[in-house]
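Novice: quick one: sequence and predicted model below, then my questions.
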Amino acid sequence: YDKTQLEQDQNKSVGVFVASNDNNTTTSLVKYLGTYSNFSSNGGRIQLQDFNISSASKRMFVKFYYCNTADLNWTTCWTYNGLPDSPTVTDRNETSHGKSDSVDDFAVRPEKFEIILPTSPIRAGKDFNLTFLAKDWSNNNTNGYDENSTSSFKVEGNETKTGCKTGTFSLADFNFTDGSATNINTTYGEVGVVTLEINETNGFEFAKIDEDDTNASQRFITPNEVNITVAPDHFEINATLKNGGNGFTYISKNSNMSALLDINVTAKNEQNGTTQNYNSACYAQATDYNISYADINISPSGNLNKLIYLETNTSKEGNVSINNDINLSDINKSIFTTDHNGTGSIHLKINFDRNSSKYVNPFILNIKDINVTDVNDTNGTINLDKNATFYYGRVHAPDYRFQGKDGNATIYYEVYSDKNKTTRHNFGIDGNESVDSINWYVNTLHANSDGNVSKFVSVGNTTVNGFQDIEPSGIISNGIETITLSHAAPYKD
């Protein structure tokens, strides 16, 4: 420091302090740096020793107290009280020689910002708390740093993956108190991996007073950024269960004749908005499905043993013992397509292990609950409570005798039941009993779309060339179809 009044031979000693004046009105001393004298050997200059300031300030300066005469120490004109880190100086008013002066202003800022994340998972749209710290050089919270989020700094959140949507980032206004801002309420409406960054706003930085003689790296508080992972809050599930036929499903190992359970899963935030980043290109995960159904009473007991299924989107297939839940694990995230962001679908064909020699009575498959979970423990449940009706069926034709080469054969589409009329009616079986078999009844619900006869095979020793390919009649009415057969007579098979 070099001042005209502080020259060799003009001042015997000087008291040196650091002062603060953040608000440009009230100056307070914050540190005593010592008494300096013997200026003649230094050409009238004071070389201050390094010093440490324990609190932040936007405007500080070095202040000198002295007597403007070479024969008086500064303490002759001024009274110094207090400790070095909390000094006070008062004018003795005993002489007109008491003087003070100050030098170039400077700021004392925090060294760096720090963001502390919650330890529990962050869910889309759900409140979570962040803590922000302004650390000093010793990694302690900075005393005196009391800035507001609307003033010199900002917090921003941006999606890290190209092509994925940045959601709405909501952060409550907050204040630092001595370098700490804890439990700041925050929400993010999308799923993703988001970079949060706290940094100073250019032109409003805490140490702006130093902009004339410092570069940005010296003047700005070191920013901090962290990544947060945001998962859906829950899954919304919609599902339908449809029979494979016209109000019924034939028991069959052929998946094309199965009941169809369609399940649509949509990832949601807490406000029930769809999180569109939950798709196969961004952040969808493999999902697990638990499907429960009411106990089935197979009659006669033991004639069916397995429920079989096929998921058509992923070709995942399997079976479970009857009355055990259906569990589908690790369904590929590809079901969450980018065409329907946030929603994935599975199509589950369900049937049973039909044995051609073991008949069973009609029964109901009642799907109760569907639970969906992913690896982030996002889950959703629906109580579906929907039914599919299963018949053990057959195609049947009695023996016929025709005069001449042509004849009409009646084909019956029948189902098995050894129950009474009321029970059969409750299962939709209202057709007549088979013309030549007990406990078999015409399935009046059977239509063309449920299957029809397209080929005859000889049961005798002679190939019936004329019967190899039969054109379907195209008309099935109330479970009955009539087909015209033609063959050169006489013929027996």
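Specialist: Sure, I can see it. No experiment lies behind these values; they were computed from the predicted model shown. Numbers count the residues shown, from 1 in each chain.

Novice: all strands for the stretch 351-493 of the chain, in order.
Specialist: Here the stretch 351-493 of the chain has its strands, by DSSP state E, counting those that start in this stretch, at 363-374, 379-391, 393-396, 406-416, 440-442, 476-477, 480-486.

Novice: deepest in the core, which of those is it.
Specialist: A comparison of the strands of the stretch 351-493 of the chain by mean neighbour count, using mean count of other CB atoms under 10 Å, puts strand 440-442 on top with a mean of 22. In short, each C-beta sits where N, CA and C put it, glycine included.

Novice: who's in contact with the residue nearest to residue 37 when sequence neighbours are not counted?
Specialist: Of all residues not flanking residue 37 in the chain, residue 13 sits nearest, at 4.0 Å (CB to CB, 6 or more residues apart in numbering). Taking CB atoms under 8 Å, 6 or more residues apart in numbering, we find residue 13 in contact with 35-37, 66, 73-75.

Novice: before we move on, back to that, residue 51 is nearest to which of the strands of the stretch 351-493 of the chain?
Specialist: Among these, strand 363-374 comes nearest to residue 51, with 57.0 Å by CB to CB.

Novice: give me the contacts around that closest one.
Specialist: 235, 237, 239, 241, 259, 261, 263, 265, 285-294, 296-299, 350, 379-390.

Novice: thinking again about what came up before, just send the strands of the stretch 351-493 of the chain back as TSV, with mean pLDDT and distance to residue 269 too.
Specialist: Putting these into TSV (pLDDT from 0 to 100; distance: least, CB to CB, whole Å) gives the following:
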stretch	mean pLDDT	distance to residue 269
strand 363-374	98	15
strand 379-391	98	13
strand 393-396	95	47
strand 406-416	90	48
strand 440-442	98	53
strand 476-477	92	51
strand 480-486	83	55
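
Novice: between these, which one is closest to residue 425.
Specialist: strand 440-442 (10.7 Å).

Novice: so where does residue 309 fall, helix or strand?
Specialist: Secondary structure here is read from DSSP states H and E; on that basis residue 309 sits in strand 306-311.

Novice: shouldn't residue 273 be in contact with residue 125?
Specialist: Yes. In this structure residue 273 lies within contact range of residue 125 using CB atoms under 8 Å: 6.8 Å.

Novice: what residues are shared contacts of the two?
Specialist: When contacts are counted by CB under 8 Å, 6+ apart, the set common to residue 273 and residue 125 consists of residue 189.

Novice: ok, the two, which is more surrounded?
Specialist: Per other CB atoms under 10 Å, whichever of residue 273 and residue 125 has more neighbours is residue 125, with 23 against 16.

Novice: so where is the chain shaky, pLDDT-wise?
Specialist: 1-10, 39-45, 94-95, 456-473, 487-493 (pLDDT under 70).

Novice: hey, which helix is longest across it?
Specialist: Across the chain, the longest stretch assigned as helix under DSSP state H is helix 421-426.

Novice: for that helix, could you pull out the residues that count as buried?
Specialist: Judged by neighbour count (16 or more other CB atoms under 10 Å), helix 421-426 contains these buried residues: residue 424.

Novice: report the separation between the residue nearest to the spatial centre of the chain and residue 333.
Specialist: Residue closest to the mean C-alpha point of the chain, counted by CA atoms, centre = their mean, is residue 231 at 2.1 Å. Counting by CB to CB, to the nearest Å, the gap between residue 231 and residue 333 amounts to 13 Å.

Novice: ok, now residue 344?
Specialist: Using CB to CB, one gets 8 Å for the distance from residue 344 to residue 333.

Novice: who has more neighbours, these two?
Specialist: Between residue 344 and residue 333, counting by other CB under 10 Å, residue 344 is the more crowded of the two (25 against 20).

Novice: who's in contact with that one?
Specialist: Counting by CB under 8 Å, 6+ apart, the residues that residue 344 touches are 264-265, 284, 287, 333, 335-337.

Novice: now residue 218
Specialist: Taking CB under 8 Å, 6+ apart as the definition, contacts of residue 218 comprise residue 210.

Novice: three-state assignment of it?
Specialist: Assigned with DSSP: H, G, I helix; E, B strand; the rest coil, residue 218 falls in the helix class.

Novice: how near is it to residue 486?
Specialist: 103 Å.

Novice: residue 135 too?
Specialist: Relative to residue 486, residue 135 is positioned 97 Å away (CB to CB).

Novice: swap in residue 35?
Specialist: Using CB to CB, we find residue 35 at a distance of 131 Å from residue 486.

Novice: likewise residue 177?
Specialist: If you measure residue 177 against residue 486 using CB to CB, the figure is 100 Å.

Novice: what do you get for residue 221?
Specialist: Residue 221 sits 97 Å away from residue 486 when distances are taken as CB to CB.

Novice: distance from the chain centre to stretch 366-377, please.
Specialist: Chain-centre distance of stretch 366-377: 16 Å, with CA atoms, centre = their mean, to the nearest Å.
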